[in-house]
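A.B. asks: Predicted model and sequence follow; I will ask about them next.
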Amino acid sequence: MRCKSATYASIGECVHQAITNILNIPSVKHYQIVTEQRADFSSTADSRKAESGSRAAIVLIYLMARYSGRRKRALFGRVADLLRSETQIQPREVVIGLIETPRENWSFGYDEALFLEMMAYQLP
């Protein structure tokens, strides 16, 4: 599915597409939470205000700790590129954060077999 407008689903789809492309994660189930902030919300200091009427995106991605800095920078660029081309959110209005945790900090309903199946591509 391609993202075409800046709807919640399209923003989530652009991020998911970047993750599957850059991190080589199989496109199976994906879980996303997309929320909206009030119009005057700004993630920037006074020195760089968002343009009037512009859209912005703050993306937070949880990953197992295993990707190189180069791969993470490629992910940041791919997310920004997709959001610009598919939703018209400009790269200067995109903030991306990664939270990396070791394998033992992950659980999917306390089902170890399901966890191993879903995360097999990331395990050493």
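C.D. replies: That came through, no problem.
A.B. asks: For the rest of this, base every contact and every neighbour count on C-alpha atoms.
C.D. replies: OK.
A.B. asks: Residue 103 and residue 63 touch, don't they?
C.D. replies: No - Residue 103 sits out of contact with residue 63 when judged by CA atoms under 8 Å, with a separation of 9.3 Å.
A.B. asks: Show me where this structure dips below the pLDDT cut-off.
C.D. replies: The model of the chain has pLDDT under 70 over residues 1-6, 28-31, 36-54, 107-124.
A.B. asks: Tell me the helices and strands packed up against the biggest helix by length in the chain.
C.D. replies: Ordering each helix of the chain by length in residues (DSSP state H) puts helix 69-87 first. Packing partners of helix 69-87 (3 or more CA pairs under 8 Å, 6 or more residues apart in numbering; DSSP states H and E): helix 8-23.
A.B. asks: what does the helix or strand following the helix it packs on rub up against?
C.D. replies: Downstream of helix 8-23, the next assigned helix or strand under DSSP states H and E is strand 57-64. In this structure, residues lying in contact with strand 57-64 by CA atoms under 8 Å, 6 or more residues apart in numbering are 89, 93-103, 122.
A.B. asks: Ok, stretch 92-106 next?
C.D. replies: With CA under 8 Å, 6+ apart as the test, stretch 92-106 has contacts from 50, 55-65, 76, 80.
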